[in-house]
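Participant: coords below, sequence missing:
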């Protein structure tokens, strides 16, 4: 029995039962289908994401700065392509068909990720001679040794950047210390075929998420009438489903990817997405006709011989996969595309607000825009989880759950990792063994675990505060979220003072950081999702929801720049100077932490002035807005 799995089962049961009760009492049954479909979609996404930065740096041996760029390109496009999916759903497909098509692409993409091929090989050239590195292990267990005269030697780096070969014989013909600048690092064996399969897999996932993500959330919004007080609690419960998927993805895919192989972790993510697709298709009756194609879509109309408009839409979407394939591997192109998408989308919303809307809808849209900008800052910091924080956990956090093996009931029950038991000479034969192994990829489950605990609590809090008329307005909630995400990074500075001689801080500080980040997320994400559906004109709900996800796209772009600054050089995927890595990471964490807290305070100060722009959208009996106030369609 693995202790992380056992703890996950306990957390799921304790937190899931109240959520199940709330789902079955007083909420539309369609919420359950959206809950389960998005849960499995997030299982596939976060299962892959928890392993991705390690896969890039340890399998393909990309430099951490380059890997951060590729990681940011992927995660950015994941959140901007919903602009396309939202537009096609609004105009033609409807949310339900868009979600089903996206799920099919996701299944194909995640299963393609399981095709890994042979790993790349790190080389070092000095004085005209080239030496290879032998790398073993994944995640924090990664160890790279230099092969000299057929024998492996441990390596490290000095504070000045010199390269050190440990226990190298004097007659090896190679100095034990190679001064910085006198050697050259390179990578060989990065197979172009498998690398292209990898890019294609990412492209399928990106477009699949684009069709699925914003439209599932839009479906949730359509299940509730305007002014329904159940909407905010409903989105919070839906958010529980999202994080139940990511929680178990980090645990299971983390174990499989690190202990069995990259293919196993990625393959498990693909099977999870297949489960989500089947649930959504079979649960169609519970949606009660929500999310169907809009009037006038004419999907069955022949547009080219026997080819219908619906088939053309799917065909163009496949071409979009090929376009993303060309773009995702070129980080500068992604950066320009995202910046253009951001300004274009915000420009369109502002034009629509002033050219097509009356005062109430215009100010609601402007408030939505302010909230989107605040979300960009929050997610830029929060999304360090899969990149810089994942690498930080592997390098500078002590992931040992217990310091030494524990034997209970006369030795019949044993707790400890395989390495600890081997070192202590303890056999598990005929005993109940609890494996206490915990790896860096699984730290992604901490945030999701906190959400499982907090989601029912926050849902109840928002319900009670709304009933009493004292529910904080979205600006206050967004300000609190920014303050908490900033404070989380500052917690790591405190943790660094307790680091051991190997420059590893206690795990509890990472847990506390994620607790603060989760509190901020619960003030930001479900509330933001709900606000986009409340503040948007009926004709552009899916588009505005997609712009909300565009905020995450820009955040991942900016986040990749921050992660690149926080990274340090690796050899064969292993950090050689943990002290320098910790110092660089903490410097970056300090700056972004203080900046987030300052902006959060600004949101709190501005909240009394901007809350009037909602025009009662958060009230149970909001000010109605007639469709006649909109003079054109989005």
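Facilitator: Happy to help now that I have it. Predicted model only: the values in this text are computed from it and were never measured.

Participant: What ranges does the stretch 451-600 of the chain have for its strands?
Facilitator: According to DSSP state E, counting those that start in this stretch, the stretch 451-600 of the chain carries its strands in the segments 505-506, 570-571, 574-575.

Participant: can I get the ones you listed in a markdown table with distance to residue 143 and mean pLDDT?
Facilitator: (Glycine included, C-beta is placed from N, CA and C.) Formatted as a markdown table, the entries for the strands of the stretch 451-600 of the chain read as follows, by distance: least, Cβ to Cβ, whole Å; pLDDT from 0 to 100:
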| stretch | distance to residue 143 | mean pLDDT |
| --- | --- | --- |
| strand 505-506 | 21 | 94 |
| strand 570-571 | 10 | 88 |
| strand 574-575 | 6 | 88 |
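
Participant: Figure out which of these is closest to residue 237.
Facilitator: For residue 237, the closest of the strands of the stretch 451-600 of the chain is strand 505-506, at 33.8 Å, according to Cβ to Cβ.

Participant: I'd like the distance between residue 112 and residue 325.
Facilitator: Using Cβ to Cβ, to the nearest Å, residue 112 is found at 12 Å from residue 325.

Participant: between these two, what contacts are shared?
Facilitator: residue 200 (Cβ atoms under 8 Å, 6 or more residues apart in numbering).

Participant: Let me have the strands of the stretch 451-600 of the chain in a markdown table, extended by distance to residue 547 and mean neighbour count.
Facilitator: As requested, the strands of the stretch 451-600 of the chain are exported to a markdown table (distance: least, Cβ to Cβ, whole Å; neighbours: other Cβ atoms under 10 Å):
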| stretch | distance to residue 547 | mean neighbour count |
| --- | --- | --- |
| strand 505-506 | 38 | 19 |
| strand 570-571 | 37 | 23 |
| strand 574-575 | 38 | 24 |
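
Participant: Adding distance to residue 125, write the ones you listed out as TSV.
Facilitator: Listed next are those as TSV, based on distance: least, Cβ to Cβ, whole Å:
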stretch	distance to residue 125
strand 505-506	36
strand 570-571	13
strand 574-575	19
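
Participant: quick one: which of those is nearest residue 610?
Facilitator: Nearest to residue 610, of all those, is strand 505-506, at 39.1 Å by Cβ to Cβ.

Participant: returning to that earlier point: what about the strands of the stretch 451-600 of the chain, which gets the closest to residue 148?
Facilitator: From the strands of the stretch 451-600 of the chain, taking Cβ to Cβ, the stretch that ends up closest is strand 570-571, at 14.1 Å.

Participant: The closest one pairs with which strands?
Facilitator: The sheet places strand 570-571 alongside strand 574-575 (antiparallel), with pairing taken from DSSP bridges.

Participant: From the chain's centroid, how far away is the strand it pairs with?
Facilitator: Taking the mean C-alpha point of strand 574-575 and that of its whole chain, the gap between them comes to 23 Å (Cα atoms, centre = their mean, to the nearest Å).

Participant: tell me, how many neighbours does residue 164 end up with?
Facilitator: Residue 164 has 17 neighbouring residues, counting by other Cβ atoms under 10 Å.

Participant: what about whatever helix or strand residue 608 lives in, average pLDDT?
Facilitator: When elements are defined using DSSP states H and E, residue 608 is found to belong to helix 578-610. Per-residue pLDDT values over helix 578-610 give a mean of 92.
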